[in-house]
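Asker: Pasting the sequence and the predicted coordinates here, then a few questions.
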Amino acid sequence: MQTCRWLLATSVLSAILLVSSSALVGAQEQGQSHVVPLRPFSPDHRFEKVSGDHTKPGVPFVIRIHAEAGFIIMPHIHPEDENIVVLKGTWSVGMGDRFDEQRLEPMEAGAYGLVPRQMAHFGLSRTNTILQVHGIGPFTTQYVVPVYRLTDAGILKQTSAAEPGQPVPSSPPDCFALKIGSRVRDALGEGIIAEAQCTPGQLTQYRVRHPSGDHTWARREALTTP
């Protein structure tokens with residue numbers, strides 16, 4: 001009888017330990033860390049989703065943005081607060097509905113910046129830069145003034161940075177003095193125009209492809225032609 005009781009107690013204890021062990025493993029699995037290492041700079045993957053869903057209202061999100069040297073993000077707004085951390089490179093941010101280089105505040109790697117919701121602002125990537133942006137969705141980027149893009153596929157008009165743009169027959173006359181394939185020289189040397197963006201009445205910036213394969217952005221006044 002004592003042997004039977006001992007065997008019963010042992011079986012019950014084993015079952016308890018098994019259940020407890022399974023629960024512990026489950027808890028450990030649920031509590032596993034979610035580590036996303038910093039990837040090398042890649043202009044071909046400008047937008048990188050890290051955590052959450054930036055498109056859903058009320059959902060926390062983390063994204064990373066890769067910006068090429070010289071690129072200007074023209075004045076725009078977001079419906080929610082934007083929290084910016086510079087992971088690599090040098091970024092500058094300024095407030096206002098018109099690009100003004102005098103208003104730019106520099107942000108080095110490790111710096112944090114807050115842009116309140118519905119606040120018009122702009123930015124400049126002084127080097128190849130990786131930004132980490134976090135907040136509460138939805139996170140959209142609406143331009144204050146629509147942007148015209150000169151591409152291999154023609155001219156596109158964008159009202160939001162997230163959309164591909166709508167084809168249009170032409171751009172405002174003050175936009176594109178240089179064309180795709182034009183040879184130019186910028187601070188890095190000679191290159192070819194690969195793309196361009198224009199905000200009418202403000203500025204036009206050109207994406208220059210260099211023989212090394214690197215790309216930089218420059219305003220028209222910073223470019224010379226052979």
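Answerer: Ah, there it is.
Asker: going forward, measure contacts and count neighbours with C-alpha atoms only.
Answerer: OK.
Asker: Provide the secondary structure category for the most centrally placed residue in the chain.
Answerer: The residue lying closest to the centre of the chain (Cα atoms, centre = their mean) is I65, at 2.2 Å. With DSSP: H, G, I helix; E, B strand; the rest coil as the basis, I65 sits in strand.
Asker: ok, the residue lying closest to I72 once chain neighbours are set aside - contacts?
Answerer: The shortest distance from I72 to any non-neighbouring residue, by Cα to Cα, 6 or more residues apart in numbering, is to L124 (4.5 Å). Counting by Cα atoms under 8 Å, 6 or more residues apart in numbering, L124 touches G70, F71, I72, I73, W91, S92, V93, L104.
Asker: ok, the last one to N128 distance?
Answerer: In this structure, L104 and N128 are 17 Å apart, going by Cα to Cα, to the nearest Å.
Asker: Give me the more crowded residue out of the two.
Answerer: Using other Cα atoms under 10 Å as the criterion, L104 and N128 rank with N128 on top: 20 against 17.
Asker: Local confidence estimate at that one?
Answerer: N128 carries a pLDDT value of 96.
Asker: Isn't it up against F41?
Answerer: Yes - judged on Cα atoms under 8 Å, N128 makes contact with F41 at a distance of 7.3 Å.
Asker: Return every residue with contacts to both of those two.
Answerer: Counting by Cα under 8 Å, 6+ apart, the common neighbours of N128 and F41 are H66.
Asker: Break this structure into its domains for me.
Answerer: Domain segmentation of the chain under automatic domain parsing yields 43-140, 143-222.
Asker: where exactly do the helices run in this protein?
Answerer: 2-30 (DSSP state H).
Asker: Low-confidence bits of it, can you list those?
Answerer: Flagging of the chain using pLDDT under 70 yields the residue ranges 1-33.
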